[in-house]
Each structure stands twice: as structure tokens, then as C-alpha cells.
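Asks: Coordinates only, no sequence provided:
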């Protein structure tokens, strides 16, 4: 009888440790994925002032657009919390799209090698950011599912694992933002 009790206790402890370790791996995957997003956001934040400066040389009278993009960048860099950060980053994306569209009015700017290189880097960054967002959201989905399903939800509750928010576009309007590609805005 004691042997059965000890085997059951050992199985319970082993199962708890197994589930706990899965939850920790999931949480770490989410944090790593967020770090990847953060790197791409910082890269975009670093490119925006260079792009503004390149456009500024050609579009002196478009000061309002340039100033707005610079302000949106500052807001995005200082946004706290996942939902605020997502909204700020979406606004910055829209501002950058307007900035790229503005360049269409200046043929010399569109042919400028520095501007084209910045535009190419920005497109690459947006692509990396999209991939990082997908990976993060997939990791959050898996992690949150483990927190919500039996029996791991018991372990998660006991050890105070909390659900993580998704990093997504802030509204349905965000899906209508023009897609930026080299040399064109769609």
C-alpha cells in the first residue's frame, strides 16, 4: 500500500515538474519572440530619421508630414504596454507609408541612391517585423493554450503563470494601410 502511495506521489511530482518545465519553455519562447520584435522595431525607429532627412532635402514645403512622422516615431519609442505599443507602431507605419507616398511627387528623390537604400532597408525591416510578429503570436497562442488547458492550467495557476497579449494591428483600418515596396506604394 505504501509503495502505491509513493509511486502515485512520484508520478504526481514528475507530472507537475514536466508541466512546469513546458510552461517555462513556453514563457521563454514568448519572451524571446518579443525580443525579436523589439529588435526590428528599434531598427525601424533608427531608419525613420534617416528617411525623413532624405525626403526633407527634396520636399522642404512638406514640413508637416515630416514633423508628424518624427512625432509618431517618438510616440512609438516611448509607448508602454503591448496594446499601446501596437497602436503607436501602427500609427508610425501609416506615417512612414505617407512619407514614402510623398516621395512619389519628387522624381529626383525616387532616383536618389541613398533614399532607395533607406527604402529597401525599411521594406526588409517591415518584412522581418511581420515574421517576428507571426512567430511571437504563435508562441503566445501556444503558451496561453497551455495555461488554459487541463492539467497544465492547474500547474500554471499554482505557479502564477499569466497569459500574454498578442501583438497585432490596432484596428480593422490598419489592414488598409498601403503596402510599401521598393519604388511603389500600393
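Replies: In hand now; what should we look at? Since we're looking at a predicted model, the values are computed, not measured.
Asks: which helices and strands does the lengthiest helix in the chain pack with?
Replies: Longest helix in the chain by number of residues (criterion: DSSP state H): helix 2-58. Helix 2-58 sits against helix 63-78, helix 82-103, helix 107-111, helix 113-148, helix 152-158, with contacts defined as 3 or more C-beta pairs under 8 Å, 6 or more residues apart in numbering; DSSP states H and E. Placement of C-beta: from N, CA and C, glycine included.
Asks: nearest to residue 56, of these?
Replies: Comparison of the helices and strands packed on helix 2-58 against residue 56 by C-beta to C-beta identifies helix 63-78 as nearest, at 5.6 Å.
Asks: quick check: angle from that closest one to helix 82-103?
Replies: Computed by axes from the mean of the first three to the mean of the last three C-alpha atoms, to 10 degrees, the angle separating helix 63-78 from helix 82-103 equals 150 degrees.
Asks: Contacts made by helix 63-78 with the rest, please.
Replies: Outside helix 63-78, the residues within contact range by C-beta atoms under 8 Å, 6 or more residues apart in numbering are 41, 45, 48-49, 52, 55-56, 59, 85, 88-89, 91-92, 95-96, 98-99, 102.
Asks: now stretch 121-136
Replies: By C-beta under 8 Å, 6+ apart, the list of residues contacting stretch 121-136 from outside reads 30, 33-34, 36-37, 39-41, 43-44, 47, 51, 93, 96, 100, 166-168, 180-182.
Asks: Just the buried subset of these, written out for ChimeraX, thanks.
Replies: Buried members of the contacts of stretch 121-136 can be picked out in ChimeraX with the line below, counting by 16 or more other C-beta atoms under 10 Å:
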select :30,33,34,36,37,40,41,43,44,47,51,93,96,100,167,180
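Asks: How many neighbouring residues does residue 98 have?
Replies: Other residues lying near residue 98 total 17 when counted by other C-beta atoms under 10 Å.
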